[in-house]
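Undergrad: any chance you can model this:
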Amino acid sequence: MALSPDALNAAWQASIAAERAGDLKQAADGYRTILRAAPGHAPALRRLAGIGRRFGDLPAAARLLERALAAHGAYWPAMLDLADLRQQLGEIEAAASLYERGLALADAPDPARLSNYAAALLKLGRFDDVLAVTERHAPAGRPSANVSAYAAQALWETGADAAALALSDPDRFAFERRPEPPDGYPTIAAFNAALIEAFEAHPTLTDRWDPTLRAARGGRVTENIFAAGLPQPPAIQAFRQMIEREVAALAASLPEEAGHPFYGRRPKQPFEIVSWANLMPAQGVQAAHIHNLGWLSGVYYPKLPKALGDAGDHAGWLGFGRPGYGIEAKRPPKLRYLKPEEGLMVCFPSYVWHWTEPFEGDEERVSVAFDVA
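TA: Predicted coordinates:
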């Protein structure tokens, strides 16, 4: 099948437009049309691989990216995509090699791939290299919670405890807040009951969600409760105002330290807040994670089971300090556990590792997480 250069370009533009519009079938068909005419069309191979990844066909996506690199060995976008895929498949050595080559060839620093490269190096125990890569990220001009978390972990692993804890000490960087009842609610218990009622009626509440996109394991979740176009009942409006008050007060109390990923920044004005509810059953947990899109993250507890554990087992508690995302701590990390209380809000830098422990019983544990940019 032959296509003129003009027809090939038209097919490319139409396929890109279809993909951007969300019509992945039409886009994939278009890329295949291009590849029948030009089997070594590296950009089409890469875009088709990306669609395959979105549908979970990782081996097929890898083969397409390998074809792209066989046709065009210096095509760094495919190299970096393949690095991400290799890391996703657990092939960390191969991923690290691809990141190193792809980033060296890239036209400009790629902040997301520098972050992913640092994660791969951390998994490999190449801690000095992690620090070198995170230093390369800073000039890109985009703050990254992931990069801050990886740098702190690498410093800890190399024995630079003071520097590591200056970034991410669980004792310093988890702030307990006990908000007053919002206007219109006589007690915090009355507000909590209204908030739970709003979550139960929320149009996005579901028990079907992609576990690769959330740290939750089990239970029901909502999408962003503050998203435009969604209902904003009084309790949810009051919750946003509560976050704004507490974050403003906390930010005003923080020291200023230029260059520090937390102390050296402040929230955007007006506040940019994303928030979602987690309704977790017994044994439901939040795996260790961070929130890459925030400056400050937090959690508020409107409802807790009676069967929370004690300081001996921490069942249902909030933990800080242990890395996730497949990163194994080589040195025992410094940990902190906080026992949730109804009406308690806990805030922390978005790059601080945190998780929840499972608990027993037949009651739900309702929490609301949020990020402030």
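Undergrad: mind checking the SS state of the closest residue to residue 70 other than its chain neighbours?
TA: Residue nearest to residue 70 in three dimensions, not counting chain neighbours: residue 40, with 7.9 Å by C-beta to C-beta, 6 or more residues apart in numbering. In short, each C-beta sits where N, CA and C put it, glycine included. Following DSSP: H, G, I helix; E, B strand; the rest coil, residue 40 is assigned to coil.
Undergrad: give the contact list for residue 40.
TA: Counting by C-beta atoms under 8 Å, 6 or more residues apart in numbering, residue 40 touches 67, 70, 71, 72.
Undergrad: from those, pick the one nearest residue 167.
TA: For the contacts of residue 40, the residue nearest residue 167 by C-beta to C-beta is residue 72; the value is 40.0 Å.
Undergrad: check contacts around the closest one.
TA: Going by C-beta under 8 Å, 6+ apart, residue 72 touches 40, 42, 78.
Undergrad: again, only this time at 10 Å
TA: Neighbouring residues of residue 72 by C-beta atoms under 10 Å, 6 or more residues apart in numbering: 40, 41, 42, 43, 45, 46, 78, 79.
Undergrad: just checking, what packs against the host helix or strand of the fifth one?
TA: For residue 45, the element it lies in under DSSP states H and E is helix 42-54. Contact analysis of helix 42-54 by 3 or more C-beta pairs under 10 Å, 6 or more residues apart in numbering; DSSP states H and E lists helix 5-20, helix 24-37, helix 58-71, helix 76-88 as its packing neighbours.
Undergrad: looking at the ones you listed, which is buried most?
TA: Among those, helix 76-88 has the highest mean neighbour count (mean count of other C-beta atoms under 10 Å), at a mean of 23.
Undergrad: ok and it relative to helix 58-71, angle-wise?
TA: Put simply, helix 76-88 runs at 150 degrees to helix 58-71, going by axes from the mean of the first three to the mean of the last three C-alpha atoms, to 10 degrees.
Undergrad: same for helix 76-88, what does it pack against?
TA: helix 42-54, helix 58-71, helix 92-105, helix 111-124.
Undergrad: just the CA atoms of the shortest one, as PDB, please.
TA: When you say that, I think you mean helix 42-54. The C-alpha coordinates for helix 42-54 follow below in PDB (Å, rounded to 0.1, in the frame of the first residue of the first chain):
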ATOM      1  CA  ALA A  42       8.600   5.600  14.300                       C
ATOM      2  CA  PRO A  43       6.100   8.300  15.500                       C
ATOM      3  CA  ALA A  44       3.100   6.100  14.400                       C
ATOM      4  CA  LEU A  45       4.600   3.100  16.100                       C
ATOM      5  CA  ARG A  46       5.100   5.100  19.300                       C
ATOM      6  CA  ARG A  47       1.500   6.500  19.200                       C
ATOM      7  CA  LEU A  48       0.000   3.000  18.600                       C
ATOM      8  CA  ALA A  49       2.100   1.700  21.500                       C
ATOM      9  CA  GLY A  50       0.700   4.400  23.700                       C
ATOM     10  CA  ILE A  51      -2.800   3.300  22.900                       C
ATOM     11  CA  GLY A  52      -1.900  -0.300  23.600                       C
ATOM     12  CA  ARG A  53      -0.500   0.700  27.000                       C
ATOM     13  CA  ARG A  54      -3.800   2.500  27.900                       C
END
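Undergrad: from the chain's centre, how far out does that helix sit?
TA: Counting by C-alpha atoms, centre = their mean, to the nearest Å, helix 42-54 is centred 23 Å from the centre of its parent chain.
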